[in-house]
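Trainee: when you get a sec, could you give me coordinates for this:
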Amino acid sequence: MAVLDPLQPAVPGRELTFNLPSAETGATEAAATGSSDELQQQIGYRFDDHELLAEALTHPSVFPQRHRGRRRSRRAGAPRNYERLEFLGDRVVGLVVADLLWRQYATEPEGDLTRRLAQLVRRDTLAEVAGAMGLYRYLHLSPAESAAGAGKKPTILADACEALIAAIYLDGGFAAAFAFVERFWMPLIAVMTAPPRDPKTLLQEWTQARGLGLPDYRLAATEGPDHARRFTVEARVADQAEATATASSKRAAETAAAAALLERLASLAHSSDGPKE
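Mentor: The predicted model follows:
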């Protein structure tokens, strides 16, 4: 294991071919467009165990369904997708970001730290970090998922980002994982001038201040296969206004719909305050 300069800027790589270690899988996959050396230079970390890196970059669609319910040993050479690493990476990134926040904001109460943490480890933020490093260029997906552009979906980018963090943790230990998360998350922490407030909370406060009761959220549609489900939610405030949003989870769709409705209400309030003829 070797940790590269954590302060070096991420640089775009060349279009090369990155090949997974050979394995008897019987599965087909779409080739990634970036090399493993390229990615390691990009993230500032070099792996000793390249099987871990390959596992972190492999989408569940690559292997047939028959592989998923079977107990497999990575050390024995059988391949895995990134789902198990994603589970571990979620915990690692949460711990590191919590540590960074605890040190950065030494006088803030627990509630403010919790809101900051929730913002920094949510799916959209993970996808933003993954997008900044061009992680989609290194992912291995089934030909069907690749053709559909699944590698750039926020859900997949977020999952792969968590898996990559777990792989770094297992390969280089906590210090290596800490250095990686610190490098990519500290710029986000630095621009977070105040603890964020959830759009659903803000919308509820707005309605209650005006005697309009609680906002209403209705699930309007559920679409897509089980592994890529999309939820459409309508948010409504009494008879004032409504907004619709679609996301990969019902909770995320409600949050997005609340944010959209707040923008619409603000726009309506601004229009009503404009000059009268």
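Trainee: how far does the helix or strand containing residue 113 sit from its chain's centre?
Mentor: Using DSSP states H and E, residue 113 sits in helix 110-120. Centroid separation for helix 110-120 versus its chain: 17 Å, with Cα atoms, centre = their mean, to the nearest Å.
Trainee: please compute how far the helix or strand that that helix is followed by lies from its chain's middle.
Mentor: On the C-terminal side of helix 110-120, the closest following helix or strand by DSSP H and E is helix 123-132. When C-alpha coordinates are averaged (Cα atoms, centre = their mean), helix 123-132 and its chain have centres 5 Å apart.
Trainee: where does pLDDT dip in the stretch 51-200 of the chain?
Mentor: 64-79, 145-151 (pLDDT under 70).
Trainee: do a quick rundown of the strands in it.
Mentor: For the stretch 51-200 of the chain, applying DSSP state E, counting those that start in this stretch gives no strands.
Trainee: helices along that one, start to end?
Mentor: Along the stretch 51-200 of the chain, counting by DSSP state H, counting those that start in this stretch, helices occupy 83-104, 110-120, 123-132, 143-147, 154-172, 174-190, 199-209.
Trainee: pick the most deeply packed of these.
Mentor: Stretch with highest mean neighbour count among the helices of the stretch 51-200 of the chain: helix 154-172 (a mean of 25; mean count of other Cβ atoms under 10 Å). Yep, even glycine has a C-beta here, placed from its N, CA and C like the rest.
Trainee: so residue 227 sits right up against residue 59, yeah?
Mentor: No - between residue 227 and residue 59 there is no contact under Cβ atoms under 8 Å: 9.4 Å.
Trainee: who has more neighbours out of these two?
Mentor: Higher neighbour count among residue 227 and residue 59: residue 59, with 24 against 12, using other Cβ atoms under 10 Å.
Trainee: that one touches residue 141, doesn't it?
Mentor: Yes - applying Cβ under 8 Å, one finds residue 59 in contact with residue 141, separated by 4.4 Å.
Trainee: picking up where we left off before, closest to residue 248 out of the helices of the stretch 51-200 of the chain?
Mentor: Proximity to residue 248 (Cβ to Cβ) singles out helix 154-172 among the helices of the stretch 51-200 of the chain, at 4.4 Å.
Trainee: relative to the whole chain's centre, how far out is that closest one?
Mentor: A distance of 10 Å separates the centroid of the chain from that of helix 154-172, by Cα atoms, centre = their mean.
Trainee: ok and it relative to helix 174-190, angle-wise?
Mentor: Angle of helix 154-172 versus helix 174-190, following axes from the mean of the first three to the mean of the last three Cα atoms, to 10 degrees, is 140 degrees.
Trainee: so which elements touch helix 154-172?
Mentor: Applying 3 or more Cβ pairs under 8 Å, 6 or more residues apart in numbering; DSSP states H and E, one finds that helix 154-172 contacts helix 50-56, helix 83-104, helix 123-132, helix 174-190.
Trainee: redo those helices as JSON lines? Include distance to residue 42.
Mentor: Below are those laid out as JSON lines (distance: least, Cβ to Cβ, whole Å):
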{"stretch": "helix 50-56", "distance to residue 42": "12"}
{"stretch": "helix 83-104", "distance to residue 42": "17"}
{"stretch": "helix 123-132", "distance to residue 42": "10"}
{"stretch": "helix 174-190", "distance to residue 42": "11"}
